[in-house]
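Chemist: 3D, please:
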Amino acid sequence: MTLQCSEKRKAKHLFHWKLANGNKNVCLLVPPAPENVQAIRTGIDSIRILWKPVAFDPLVGPIEGYKVYYRPVNSSLWSMAIVCGSCKSVDLKDLERYTSYQFRVAAFSVLGDGGFSPTFGVLEGNL
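Modeler: Numbers count the residues shown, from 1 in each chain. Okay, here's the model as predicted:
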């Protein structure tokens, strides 16, 4: 079954589809991806991930928090850190030394998880 949302919006929101109330289709908006995500080395086995907070949108509601996903580039499994909605960064500690990592960030609200920021990597020489 393919669902289409009739509402056209210029915002960078992703559509989240749910079936509710029998056969009615409900189009809900979830938060857009955080922007300007970057990494700063804070130690030999730690890094700080920073981002520009997602702006408030009354159709999405307040941002409840952010999920920061990270993994060694040779792994298919993501680890996750969850931080508050007013947070603009997270410190990831006890990372494997001399290992390249990938990172991505998503905001979430009561309506669900938003889209991911672009995935980016930090090379082993920088960690």
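Chemist: centre-most residue in the protein?
Modeler: For the chain, Ala106 is the residue whose C-alpha lies nearest the centre (CA atoms, centre = their mean; 1.0 Å).
Chemist: let me see the contact set for the residue nearest to Trp51 when sequence neighbours are not counted.
Modeler: Of all residues not flanking Trp51 in the chain, Pro34 sits nearest, at 4.0 Å (CB to CB, 6 or more residues apart in numbering). Using the backbone N, CA and C atoms, a C-beta is placed for each residue, glycine as well. With contacts defined as CB atoms under 8 Å, 6 or more residues apart in numbering, Pro34 is in contact with Trp51, Lys52, Pro53, Val54, Tyr66, Val105, Ala106, Ala107, Ser117.
Chemist: looks like the residue nearest to the centre of the chain contacts Gly112 (just checking).
Modeler: No - at 10.0 Å, Ala106 does not count as touching Gly112 under the criterion of CB atoms under 8 Å.
Chemist: quickly list what Arg104 is bridged to.
Modeler: Note on Arg104: beta-bridge partners by DSSP bridges are Tyr69.
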